[in-house]
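Colleague: Fold the following for me, if possible:
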Amino acid sequence: MDWHEDAIILGARKHGETSAVVEVLTRNHGRHAGLVRGGRSKRLRPVLQQGNIVHATWRARLEEQLGNFTLEPVSLGAALAMDDGFRLAGLTTLTALCALLPDRDPQPQVYEAALLVLENFNNEDIWPALLVRWEAGLLDSLGFGLDLSQCAATGSTRDLIYVSPKTGRAVCARAGEPYKHKLLHLPAFLLGKSKIEHCDVLAGFELTGHFLNRNLAGPRGIELPDSRTRIINAIKQKALGT
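Modeller: Here you go, the predicted structure:
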């Protein structure tokens with residue numbers, strides 16, 4: 001049996017003397033691994049870098065087997081991130097968080113959103129906010145989506161500026177005022193509003209990070225990638241103008 005479609009390289013580890021086990025993210029087959037023969041060669045090593053887009057063909061005798069990949073380069077954008085620590089942190093964070101996805105489970109929306117982040121890595125004013133949106137989409141795809149449609153207390157759809165850390169539901173300014181020190185801030189860009197500011201992006205990372213830790217990473221006994229913290233620290237420095 002076999003399938004073929006475009007894929008994002010998530011990582012590769014050596015296998016034997018010359019081969020590599022490569023993990024990719026695809027639209028229709030989700031997070032999927034396969035053996036690439038000759039994957040440690042000079043020709044293929046640049047292709048197998050995290051974040052590159054390839055056309056993947058997977059073949060195996062049985063569906064449950066590891067199978068073999070044939071990978072042809074489509075877009076080798078990973079090299080652009082290697083010389084920029086901020087971009088590299090974003091790329092590493094995105095690919096690392098994909099490990100939270102179930103194996104071989106179709107995730108078309110997560111895949112498409114990941115492509116959007118990768119396509120905008122040349123604009124540091126945009127991609128961090130897109131990464132926050134992608135993390136929110138990851139939560140949603142795994143059954144822990146945030147409900148930002150209306151206030152949990154009043155049902156109002158106006159002045160939504162908080163999120164309950166317990167329920168993941170939005171809270172309006174009036175209802176949240178007495179409890180604001182206990183609530184998470186809801187950045188306007190997650191509602192499709194407002195210009196993206198550094199403070200909003202930081203609030204976004206705090207928001208998604210809370211639920212990623214509580215619902216996905218924590219129960220598995222793992223921590224969110226260090227690269228994510230590097231993104232946050234870099235944005236804080238930019239906000240301070242340093």
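Colleague: What residue spans form the domains of the protein?
Modeller: 2-76, 80-148+186-240 (automatic domain parsing).
Colleague: Leaving out sequence neighbours, find the closest residue to F69.
Modeller: G34 (3.6 Å; C-beta to C-beta, 6 or more residues apart in numbering). (Each C-beta comes from the backbone N, C-alpha and C, glycine too.)
Colleague: all helices in this structure, in order from the N-terminus.
Modeller: Remark: helices assigned in the chain by DSSP state H are 78-82, 85-97, 108-119, 127-141, 173-176, 198-212, 226-240.
Colleague: low-scoring stretches of this structure, by residue?
Modeller: Counting by pLDDT under 70, the chain contains low-confidence residues at 242.
Colleague: Same list, the helices of the chain, but as TSV with mean neighbour count please.
Modeller: Shown next, in TSV, are those (neighbours: other C-beta atoms under 10 Å):
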stretch	mean neighbour count
helix 78-82	17
helix 85-97	22
helix 108-119	19
helix 127-141	22
helix 173-176	18
helix 198-212	20
helix 226-240	15
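Colleague: Would you mind saying which of those lies nearest H15?
Modeller: helix 85-97 (18.9 Å; C-beta to C-beta).
Colleague: counting contacts, what elements does that closest one pack onto?
Modeller: Under the contact criterion of 3 or more C-beta pairs under 8 Å, 6 or more residues apart in numbering; DSSP states H and E, helix 85-97 touches strand 2-15, helix 78-82, helix 108-119, helix 127-141, helix 226-240.
Colleague: picking that back up, so which of the domains of the chain is nearest P165?
Modeller: domain 80-148+186-240 (5.8 Å).
Colleague: Quick check, central residue of this protein?
Modeller: L94 (3.7 Å; C-alpha atoms, centre = their mean).
Colleague: quick one, what contacts that one?
Modeller: 51, 114, 117-118, 131, 134 (C-beta atoms under 8 Å, 6 or more residues apart in numbering).
Colleague: just checking, C151 touches A173?
Modeller: No: using C-beta atoms under 8 Å, C151 makes no contact with A173, being 9.1 Å away.
Colleague: Compile the helices and strands packed on helix 85-97 into TSV and extend it with columns for distance to V201.
Modeller: Shown next, in TSV, are these (distance: least, C-beta to C-beta, whole Å):
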stretch	distance to V201
strand 2-15	23
helix 78-82	18
helix 108-119	13
helix 127-141	5
helix 226-240	6
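Colleague: looking at these, which is closest to Y179?
Modeller: Taking those one by one with C-beta to C-beta, helix 127-141 is closest: 22.2 Å.
Colleague: most remote residue from this protein's center?
Modeller: P178 (33.6 Å).
Colleague: follow-up on the earlier one: want to throw the domains of the chain into CSV with distance to P165?
Modeller: As requested, the domains of the chain are arranged in CSV below (distance: least, C-beta to C-beta, whole Å):
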stretch, distance to P165
domain 2-76, 28
domain 80-148+186-240, 6
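Colleague: Would you confirm that I53 contacts A114?
Modeller: No: contact criterion C-beta under 8 Å: I53 and A114 do not qualify, at 10.2 Å.
Colleague: Quick check: neighbours shared by these two?
Modeller: Common neighbours of I53 and A114 (C-beta under 8 Å, 6+ apart) are I8.
Colleague: The residue nearest to R13 when sequence neighbours are not counted: how many residues sit nearby?
Modeller: Leaving out its chain neighbours, the residue that sits closest to R13 by C-beta to C-beta, 6+ apart is V21, at 5.4 Å. Applying other C-beta atoms under 10 Å, we find 17 residues neighbouring V21.
Colleague: Which residues does V21 form beta bridges with?
Modeller: Going by DSSP bridges, V21 is paired in beta bridges with R13, L35.
Colleague: just the one 4 residues further on next, same as before
Modeller: On the basis of DSSP bridges, L25 is bridged to I8, R31.
Colleague: With that, I have no additional questions.
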